[in-house]
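*Asks:* how would this look folded up:
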Amino acid sequence: MKIKKDTKVFLRYSLQNANGKIIEDKMNGDPIHYIHGSGRIWPILEDNVNGLEPGDKKQICISQETGFLEVNEEFICNVVIDEVSLATAKEIEMSTNINDNIEACNFPGCC
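*Replies:* Prediction:
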């Protein structure tokens with residue numbers, strides 16, 4: 001199944017700066033998950049994984065040129081899609097109505 005609005009997506013990622021320094025690494029642990037289209041992850045990440053399927057990998061550039069006006073350097077986000085499934089009505093409702101289940105994001109531009 002391809003990632004589209006109202007699918008539940010499980011992915012792993014790593015974030016590094018232009019010098020190769022790892023800022024955050026979620027590649028070896030449990031994948032994060034979210035409901036696609038809910039606005040709960042970085043907009044640039046959500047836009048770039050749209051249409052991907054389990055097993056797909058993508059490298060995403062995060063910079064002022066790609067809409068992150070708050071950053072002063074370029075970052076690379078490597079993403080691996082682990083699982084995609086249809087979200088239930090309850091999961092969709094929870095992702096759009098409950099703010100308490102959002103993990104804090106320390107990266108500039110994250111909603």
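*Asks:* Give me the contact list for the host helix or strand of K58.
*Replies:* For K58, the element it lies in under DSSP states H and E is strand 57-62. Here strand 57-62 makes contact (C-beta atoms under 8 Å, 6 or more residues apart in numbering) with 15, 42, 44-45, 48-49, 52, 68, 71, 74-81, 109. From N, CA and C alone the C-beta is placed, and that goes for glycine too.
*Asks:* Tell me the helix or strand right after that strand.
*Replies:* Going down the chain from strand 57-62, the next helix or strand is strand 75-86, by DSSP H and E.
*Asks:* With just CA atoms, put that following strand into PDB.
*Replies:* Provided in PDB are the C-alpha atoms of strand 75-86 (Å, rounded to 0.1, in the frame of the first residue of the first chain):
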ATOM      1  CA  PHE A  75      20.400  19.000   7.000                       C
ATOM      2  CA  ILE A  76      19.800  15.600   5.400                       C
ATOM      3  CA  CYS A  77      17.000  13.400   6.600                       C
ATOM      4  CA  ASN A  78      17.300   9.700   5.500                       C
ATOM      5  CA  VAL A  79      13.900   7.900   5.700                       C
ATOM      6  CA  VAL A  80      13.000   4.200   5.500                       C
ATOM      7  CA  ILE A  81       9.300   3.200   5.300                       C
ATOM      8  CA  ASP A  82       8.600   0.200   7.400                       C
ATOM      9  CA  GLU A  83       4.800  -0.300   7.200                       C
ATOM     10  CA  VAL A  84       1.700   1.500   5.700                       C
ATOM     11  CA  SER A  85      -1.900   0.600   6.400                       C
ATOM     12  CA  LEU A  86      -5.300   2.200   6.400                       C
END
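*Asks:* Figure out how far the helix or strand of the chain with the lowest mean pLDDT is from the centre of its chain.
*Replies:* Ranked by mean pLDDT, DSSP states H and E, the weakest helix or strand in the chain is helix 89-97, scoring a mean of 88. Relative to its chain's centre, helix 89-97 lies at 18 Å (C-alpha atoms, centre = their mean, to the nearest Å).
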